[in-house]
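Q: Provide a 3D model corresponding to the input given below.
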Amino acid sequence: MTDPTTDTTLVELARDIKRWARELGFQQAGIADTELSAAEARLQDWLAKGYHGDMDWMQAHGHKRSRPAELEPGTLRVISVRMDYLPPDTRPVQRLKQPEKAYVSRYALGRDYHKVIRKRLARLAQQIREAAPTSHLGRAFVDSAPVMEKPLAAKAGLGWQGKHTLILNREAGSWFFLGEIYTDLALPVDAPVEDHCGQCKACITVCPTDAIVAPYQLDARRCISYLTIENRGDIPEELRPLMGNRVFGCDDCQLMCPWNRFAQHTGEADFQPRHALDQADLVTLFNWDEATFLENTAGSPIRRTGYEGWLRNLAVGLGNGPASAAAITALQARLDFPSAMVVRHVRWALHRLQQRPA
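A: Here you go, the predicted structure:
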C-alpha cells in the first residue's frame, strides 16, 4: 500500500478529499491548520463583554474551542466543508412584509441540518480512513461541539467572516452550512481569501434590533436568532416590537448582503420546506397543540426552542401583526396556559392588539 504520509501522497489525498466532498453533496471543501490564536483573542473579548448572553456553553470548555488538539489530541488539520441550504421559491422578503405570516429562518424550513451533514461527513471520514489507514483520527463535527467553525472555514479558504460574522463566499454568498473533520494527517493547507466587505454596512444598517454593534461584532443578547432560539426566558419588552413576524431566527443581514446575489439554491430534498412553514399564518402555528408541534417538528431545528419557546415567539409575532378576530381569539385561548412565561407574552400581545384597529 502506498505510504500516505509522503508529501506527494498527501497532496493527492487532499485533492481526493475535495472531490469526495463534492460527490457527497458539499459545494466546497478546504483544509486549515489549527493555529487560531487571533480568533481565540476575539472570542475571549466577546465573552468578556457578555455578548454571549445565556449561552454559557460558549465558555464552558476552556481552550478546547480555539485549540483543536486539546479537544481531539493529535489533530493537525481541519477539513472544512460547506453545503448550500437556501430553498427556491420561499420568498423571504415577501413573507417579512406580510405581518399575518410567520417568518421562519430559511435554514430551519426543512430537516435538521445536523443530521444531514453529519451523515455525509461520516462517510467522508470513512473514505479518508480507508485511503490513509495510518490515520487514527477522523472525528466529524456539525455545530455540535466546541469548534470555531467560522474561523476554521475562513482559514480553509471557504470565504471570509463578514461584518455580520457569517462566512461569505464570492461565488456563493452566505446561505450555507458548515461542517468539519479533525484529522491527524498533515495535509497541505489552503490559502485564506481576502475580506471583500469593503465599506459596505448593509447588514449593520438592516438589523432590526441593532445586534451588530460594530463591524464583525454581534451582541447575541439583541439578536433575534438568539432571542427566539437559544434564549429560554422572556424576550425583553423593548425588543419585541422590533421582531415583527420573525418567530424562529432571522435572515435580514443575509437578505441585504450584496454578495448573496451570487447565492445558489439548494438541490437537497431534505432542505425543502416542510408543513408549509414558508407560508404559514401565525394564528395557524399558534393553534398547534403540543402533540402537533412535536409531530410537525420531528427532525427539525425548530425542536430546539421547545413548545413553550415556540408559543412565546408566536405570541410576539401576533402582537406585532394585524388585530384580527382570529388573532385575538387565539391569544385569549392561551391565557390559562400553564407556562407563566407564555402567558406574559400573550398578555403583552393582547394589549398591543386591543390598542390597534383591525
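Q: what pLDDT, on average, does the helix or strand that contains Asp45 get?
A: Take DSSP states H and E as the rule and Asp45 turns out to sit in helix 37-48. The pLDDT scores in helix 37-48 average 97.
Q: So what touches it?
A: His52, Met58, Gln59, His63, Arg65, Ser66, Arg67, Met148, Pro151, Gln217 (C-beta atoms under 8 Å, 6 or more residues apart in numbering). Any C-beta I mention is one placed from the backbone N, CA and C, and that applies to glycine too.
Q: again, but for stretch 209-223
A: For stretch 209-223, the surrounding residues in contact (C-beta under 8 Å, 6+ apart) are 46, 49-53, 55, 161-165, 197, 201, 203-204, 224, 226-227, 230, 239, 242-243, 250, 253.
Q: now, which of those residues lie within helices?
A: Among the contacts of stretch 209-223, DSSP state H puts Trp46, Cys203, Ile204, Ile224, Cys253 in helices.
Q: Looking at these, which is nearest Gly179?
A: Cys253 (21.8 Å; C-beta to C-beta).
Q: count of neighbours near that closest one?
A: Cys253 is flanked by 26 other residues according to other C-beta atoms under 10 Å.
Q: which SS class is Ala140?
A: What DSSP: H, G, I helix; E, B strand; the rest coil gives for Ala140 is strand.
Q: ok, it - contacts?
A: Arg118, Leu121, Ala122, Leu124, Ala125, Gly179, Glu180, Ile181.
Q: List of residues touching stretch 149-162?
A: 28-33, 36, 39, 78-82, 141, 143, 165-170, 172, 174, 178-180, 189-197, 203, 216, 257, 259.
Q: Now, the residues you listed that are in helices?
A: Residues of these located in helices (DSSP H): Ala39, Cys203.
Q: Show me how to select, in PyMOL, the buried members of the contacts of stretch 149-162.
A: Under the burial definition 16 or more other C-beta atoms under 10 Å, those of the contacts of stretch 149-162 that qualify are selected in PyMOL by:
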select buried, resi 28+29+30+31+32+33+36+39+78+79+80+81+82+141+165+166+167+168+169+172+174+178+179+180+189+190+192+193+197+203+257+259
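Q: Residue for residue, what is the longest helix this protein has?
A: helix 113-131.
Q: about what we covered before: among the contacts of helix 37-48, find the lowest-pLDDT one for me.
A: Lowest in pLDDT among the contacts of helix 37-48 is Gln59, which has 89.
Q: distance of that residue from His114?
A: According to C-beta to C-beta, to the nearest Å, Gln59 and His114 sit 22 Å apart.
Q: on that earlier part again, now for the longest helix of the chain, which elements pack on it?
A: If contacts are counted by 3 or more C-beta pairs under 8 Å, 6 or more residues apart in numbering; DSSP states H and E, helix 113-131 sits against helix 7-23, strand 77-84, strand 138-141, strand 176-183.
Q: Now do the buried residues in it.
A: So for helix 113-131, counting by 16+ other C-beta under 10 Å, buried means Tyr113, His114, Val116, Ile117, Arg118, Arg120, Leu121, Leu124, Ala125, Gln127, Ile128, Ala131.
Q: would you turn the contacts of Ala140 into TSV with distance to Arg352 and pLDDT?
A: Below are the contacts of Ala140 laid out as TSV (distance: C-beta to C-beta, whole Å; pLDDT from 0 to 100):
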residue	distance to Arg352	pLDDT
Arg118	41	95
Leu121	45	97
Ala122	47	95
Leu124	49	97
Ala125	50	96
Gly179	41	98
Glu180	43	98
Ile181	48	97
